[in-house]
Each structure stands twice: as C-alpha cells, then as structure tokens.
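Engineer: build me a structure from this.
(2 chains)
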Amino acid sequence: MVALAAIALGACSKEAANAGQDPNNDVKSFRDLQVPTGFDFKGTKTITVKIEKQEHLPIDLKSVYRIDDQKGNALLKYNLEVAQGLEAELEVPIGTEELYLVDSYGLKRAVKIENNNLIIKSL
Amino acid sequence: MKNLTKLFAVLMLGSFGHFSNAQFHHDFSSSTTIENWGNAIPTSNPGCFSRYASPHGAFYEYDAVVDGIKGNGKAIYFPYVNYQGAFELKIEYTAPSSVNFWTNFHNGSSWTNGANSSAPASPGVRSTYTIRSSNLTGTHRFGLFPYNEITIHSVTITNVTYSPGQGCSVTNTSACTDSDGDGECDSTDDFPNDADKAFSMKSARMSFMYEDLFPAYGDFDFNDLVVSTDKEVITDADNNLRVLKMKVLVPAAGGRHAQGWAVELKGINPSDVVSVNGNSLTESVVSVGANGTENGQTNAVVPIFDNYQTVINSNGGPFFNTVASAPVGTCDTLVVEIEFAKSSALTIGNLDYNFFSFRTDARGHEIHEMGNTPTDLADLTLFGTKVDATNLGAGKSYESVDGLPWAITTVGTTYAIEKVDFVEAYLKFAAWAQSGGSLYQDWHTNTAEGTYRNSAKIY
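Structural biologist: Now for the predicted structure:
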C-alpha cells in the first residue's frame, strides 16, 4: 500500500501537488521536490494585527499596548490612540497560532490568529 | 514582496506638550478617607475625596479584594487641584461591562466641561480612562457620575498642584516618573533615561541559509552561507522609528565563494538613515555614503559584512563548521545599529526587510529569498540563465525552473552538514514543502530523532 502510494505520488506533476494533504515523505533529494506554485520556502508568515477603533469614546484615551509572542518578546509596542485603532502587519514564524495583547499594566490576554488575522475588537 | 512588520494608519497626535513634574496621584487603599456629602456639591475639605452618600447609603468604600472603591450610579468628586493649562487625567478602573458616566470639573461654585462619556471594560481587567485638555486653569475638583458599576483603583492628574486637606488621608504619590521627559512614564519606557528612545521590540532569531551557485543548482545542503540574526526595533514615545539593531552571526559557511550579506530596507530613502555602526566592511567591494548606506541605491541598503571570512575564526580547512570531523571554528557577533532621522517620521510599519547575500568578488551577484526583488546594484544578466526562472515582471524572482529556491529562512538554528542533501537531514522538510507549508511547520524545530531529523546529517 505504501509502495503504491509512493508510485502514485512520484507520477504527480508539480501542479498536481496538493496543499493540505500529507505527501508521502519519500523524496530523497531537494531537487525532486514538487511544490505548489507560489510556495516560497519562507519560515515566516505575514499576519495582520487589527485593533478596532473604539469610536464611542468622546475624548482621548491613549495608552501603550504590546503584542507579545509566546516567549514574551514584544513584537509590537505602540503608544496607541484608542479612538483611532491600529492596523499593522507582523511577520511571525510559521506555526504561530496565537499572540498576546498586553496593556500598560502588564495584563495580557491571548488572541488567536485566524486566517492570518489577529483581530482585537475591544481593549 | 513585503516583509516583516508593516504598520499602517495611525498617525499619532503630535506631542501634547511637556508637563511639569507636578502631579496628583492616588492609589486607593484602606487608609483613604472619603467624606460624605448630600445634595450640595462639597466645597469643604478641599483636599478630600467626596462621595454622594445620603440618603442612599455609602458607596465607594475601599474593598481590599478588588483593591479599589466601587460605585454604581452615585457620584464621586476628587480633591481640588490647581490646574495649569494642559493636563492629563487618568483613571484606572475595572468594570463588569462598559461604563457610561457624566463628568465635570467643579470650581467651588459651578461646574464646567460637563460631558457624557463611556469607557470600555472587560470583567476583571484593569483599564485606564484618560481625559486630556490643553486649557484648564485654576482650582477645580473632578466629578465622576457613573450610571453603572465601576471600581476605581487609582487616579492620576498631571501638571497640577495639590494641597492636602485637613482631616483627609489622601496620599499623593508620584505614579509617573518620567526621568527623560519624553512623555512616557519610566514604568513603560524601555529607555527611561533616553528621550530619543522609548519602546523596544524584538523578533525571533531567524536563520538564512544559502546555496551559493545561483543561477545554477548546487548540492542542496543549504550551508554555503548560514547567517543568523536577532532584530531589535527601537521607537520613541511618539512611535517614531529611531534605531534598528541587529545581532548577526555566521554559524557556518561551506561554500565555494566568499560572500557578503546586506539588508535592503524597502521604501526607506537612504537619506532617512543618520548612521550605521557595527558592520564589517574590509574588502572595498561596497561603496557606502557618509551615513553608512550603500551608494547608488534607491532604497536604503545597509551592508552588514562584505566577506564572511573576516567575521569568522576558522580552525582550518576550506569549510567553516560544516564538516563534523573538522575543528570547530568560532564567529564574531556583529551588533549593527542603524539610526533613523526623527524628522523622517518613519514608524515600525515602514520596515520592510530584504536580506540578501552577495559575492565578495562580484557585488552584483546577489542571492535573495524566493520572491524578493534584487537591489538596484544586482547583476540582472544572471536572471534567466542556467536554471534560474526569474521573471521580475511577473513577480517571480530567485526561483528555479523547478520552483526551487537558493535561500531558506527558518527560526531554527541547526543546518545540514557538508554535501548532505537538505531533505536527508530534515525528514519532514519535503512534506512541509510539498504541502505548500501547511504540514509539519515544525520541520526545523522538532528534534524527534528518526521522525523529524537525522542528527547524523545535521551539524
């Protein structure tokens, strides 16, 4: 069964390589890789961080917010005008599933990355 | 191509002006005294907090569990303070849900600047509510009339003077020491004694691994040049980009060609760079201007080193740390600092990195990550030769006719030993690549022997 699968995959064209499936791991040389068009071999992905505008605020609310990774590295630290919100792109290692929003008091909460977006609706 | 942090939209307000060091700050505690008042807004005991207590009973009693005073539909006035123009009034609070309230400033006979407001809240999460004005002078006490539950933990009013009231226990402490006067409290300022810097941001270490025979294929060990870098971005209190600091190492070099390494900062004009320090240029292969950026480039290009052999200490042999049986060499740590002009008004969002290697004996022979563009000084005649399939017009660059790269980036730090095909060392790499990156995203960091890696083939 494994041998049949290997033969079938070996016959695949580059275009036929399907993202999301578990390709048989019998490739013996880098030269033989069949990768989907557009795949760039980069170890990072770009996500969009969006802190939504808190438009109901009639007056200024400005505070320092951080976006931390799981190791506590501050990837983004910004003196944020809350009424204006923020949209930013961050490049994070592939496999990163969540980051942390940290306020100026050090309080943090996890935020999931969904479809390469990190959306924060309320502060 | 776009890389790393891009930040849009928010243009922060200009400096709100520097405040004097005088301020009022109070953390509520069990010793805080709050006088009661009835129907008339209090004018007695001007140094005290005052709560509307009669005939509805007491509110705003200190609760040690929540470390604050809780109110719900009842008014509280803060002590009189003397305003001197611009100020910032900050309330630290928690609430079960958004709080609606009415606020005003009372001068003893009438109130001014009345406003209905609301503040967002998440249960159990301390938030701050800030009022700023550039024009309030004289003695006033701030009044807060919440329509729903709020717990107040502390209050800070900048640029005011406070005189303790008789019979009150209101401790005025300095909540915000701003040693460098940049407008950012020391508690949140990563550089409290440097007015040009406030925030430090660090990203995960990245490794760049190259095959150096571009535009031909090589042996696919991706260790012809291995460069690791940690990046730190420093901004000031107004979010202006001030410094990009990179720690750069060359852990390995198993290639035929002496190479240099550089970064193009796409979209940033060379004139936005004030200085470059800490890089290693010894070969006269790169021409740089007085500010350290490479001459002849539209975007700022900063050479990090122009020959890796000058930043390593090899212990003999043609290869550096790629042959397991050979003596281990060491490498220098370059700490490269790029300073940006404050007047350039750049933010962290303007940083769009494009790292690349180049041959020491042929500056134009650049190798970038797949999809990244060449710099102005790249030798474009290399494109389309041998197995390269670059088509800049189609957004395709540094990609072979088989869709393969000459550079790989990862957050891992290990690499294949000399002449070992990369997929033989990292056993899930092929599956990761052939899945388009959706599977085995931990191909480099997972150390499971026999499943994810063959350690005998990894340096």
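Engineer: middle-most residue in chain B, spatially?
Structural biologist: B:Met201 (3.0 Å; CA atoms, centre = their mean).
Engineer: chain A versus that one, what's the distance?
Structural biologist: Going from B:Met201 to chain A by CB to the nearest CB, to the nearest Å gives 5 Å. C-beta: built from backbone N, CA, C; applies to glycine.
Engineer: same question for B:Asn307.
Structural biologist: On the measure of CB to the nearest CB, B:Asn307 and chain A end up 26 Å apart.
Engineer: pretty sure the residue nearest to the centre of chain B is in contact with A:Leu76, am I right?
Structural biologist: Yes: contact criterion CB atoms under 8 Å: B:Met201 and A:Leu76 qualify, at 6.0 Å.
Engineer: quick one: least confident helix or strand in chain A?
Structural biologist: Ranked by mean pLDDT, DSSP states H and E, the helix or strand of chain A with the weakest confidence is helix A:2-10, at a mean of 33.
Engineer: name the next helix or strand downstream of that helix, please.
Structural biologist: Per DSSP states H and E, the first helix or strand lying C-terminal to helix A:2-10 is strand A:44-51.
Engineer: report pLDDT for B:Tyr77.
Structural biologist: pLDDT, B:Tyr77: 89.
Engineer: just the one 3 residues further on next, same as before
Structural biologist: Confidence at B:Tyr80, expressed as pLDDT, is 89.
Engineer: try A:Leu57
Structural biologist: The predicted local confidence for A:Leu57 is 50.
Engineer: again, but for B:Leu7
Structural biologist: Value for B:Leu7, per-residue pLDDT: 36.
Engineer: also B:Ile69?
Structural biologist: The predicted local confidence for B:Ile69 is 93.
Engineer: quick check, it in contact with B:Ile150.
Structural biologist: No: B:Ile69 is not in contact with B:Ile150 according to CB under 8 Å; the separation is 9.3 Å.
Engineer: the more surrounded of those two?
Structural biologist: B:Ile150 (26 against 22; other CB atoms under 10 Å in any protein chain shown).
Engineer: surely B:Ser280 is in contact with B:Asp306?
Structural biologist: Yes: between B:Ser280 and B:Asp306 there is a contact under CB under 8 Å: 7.2 Å.
Engineer: of those two, who's got more company?
Structural biologist: B:Asp306 (25 against 19).
Engineer: so the closest residue to B:Asn107 other than its chain neighbours is in which element?
Structural biologist: With CB to CB, 6 or more residues apart in numbering or on different chains as the criterion, B:Asn107 has its nearest non-adjacent residue at 5.0 Å, and that residue is B:His140. If you go by DSSP H and E, B:His140 is part of strand B:127-146.
Engineer: what's the burial count for the closest residue to chain A within the stretch 351-459 of chain B?
Structural biologist: Closest residue of the stretch 351-459 of chain B to chain A, CB to the nearest CB: B:Gly436 (3.2 Å). B:Gly436 has 19 neighbours, counted by other CB under 10 Å.
Engineer: doesn't it lie inside a helix?
Structural biologist: No: read with DSSP: H, G, I helix; E, B strand; the rest coil, B:Gly436 is coil and lies in no helix.
Engineer: ok, it to B:Gly316 distance?
Structural biologist: Going from B:Gly436 to B:Gly316 by CB to CB, to the nearest Å gives 42 Å.
Engineer: nearest residue to the residue nearest to the centre of chain B other than its sequence neighbours?
Structural biologist: Closest to B:Met201 by CB to CB, 6+ apart is B:Val233, at 4.6 Å.
Engineer: and for B:Phe305?
Structural biologist: B:Ser280 is the one closest to B:Phe305 (CB to CB, 6+ apart), at 4.2 Å.
Engineer: cool, B:Glu424 as well?
Structural biologist: Per CB to CB, 6+ apart, closest to B:Glu424 is B:Lys457, 5.6 Å.
Engineer: which residue is the nearest non-sequential neighbour of whatever residue of the stretch 201-350 of chain B ends up closest to chain A?
Structural biologist: For the stretch 201-350 of chain B and chain A, the shortest gap (CB to the nearest CB) falls at B:Phe220, measuring 3.7 Å. With CB to CB, 6+ apart as the criterion, B:Phe220 has its nearest non-adjacent residue at 3.7 Å, and that residue is A:Phe30.
Engineer: which positions in the stretch 151-300 of chain B make contact with chain A?
Structural biologist: B:184, B:187-188, B:190, B:198-204, B:206, B:217, B:220, B:235, B:237-239 (CB under 8 Å from any CB of the partner chain).
Engineer: and the residue of the stretch 201-350 of chain B closest to chain A, what does it touch?
Structural biologist: A:Ser29, A:Phe30, A:Arg31, B:Glu211, B:Asp421, B:Phe422, B:Val423 (CB atoms under 8 Å, 6 or more residues apart in numbering or on different chains).
Engineer: contacts only, for the fifth one.
Structural biologist: B:Asp421 sits next to A:Lys28, A:Ser29, A:Phe30, B:Asp219, B:Phe220, B:Asp221 when contact means CB under 8 Å, 6+ apart.
Engineer: if any of those are buried, give me the PyMOL selection for them.
Structural biologist: In PyMOL syntax, the buried subset of the contacts of B:Asp421 is picked out as below (16 or more other CB atoms under 10 Å in any protein chain shown):
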select buried, (chain A and resi 30) or (chain B and resi 219+220+221)
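Engineer: from the contacts of B:Asp421, which is closest to B:Val311?
Structural biologist: Ranked by distance to B:Val311 (CB to CB), those are led by B:Asp221 at 21.0 Å.
Engineer: burial measure for the residue nearest to the closest one when sequence neighbours are not counted, as a count.
Structural biologist: Among residues not flanking B:Asp221 along the chain, B:Ala416 sits closest, at 4.7 Å (CB to CB, 6+ apart). B:Ala416 has 29 neighbours, counted by other CB under 10 Å.
Engineer: gap between B:Ala416 and B:Ser344?
Structural biologist: 41 Å.
Engineer: list the residues that contact B:Pro405.
Structural biologist: Neighbouring residues of B:Pro405 by CB under 8 Å, 6+ apart: A:Asp40, A:Phe41, B:Glu369, B:Met370, B:Tyr398, B:Glu399.
Engineer: could you list the low-pLDDT ranges of chain A?
Structural biologist: A:1-25, A:55-62, A:105 (pLDDT under 70).
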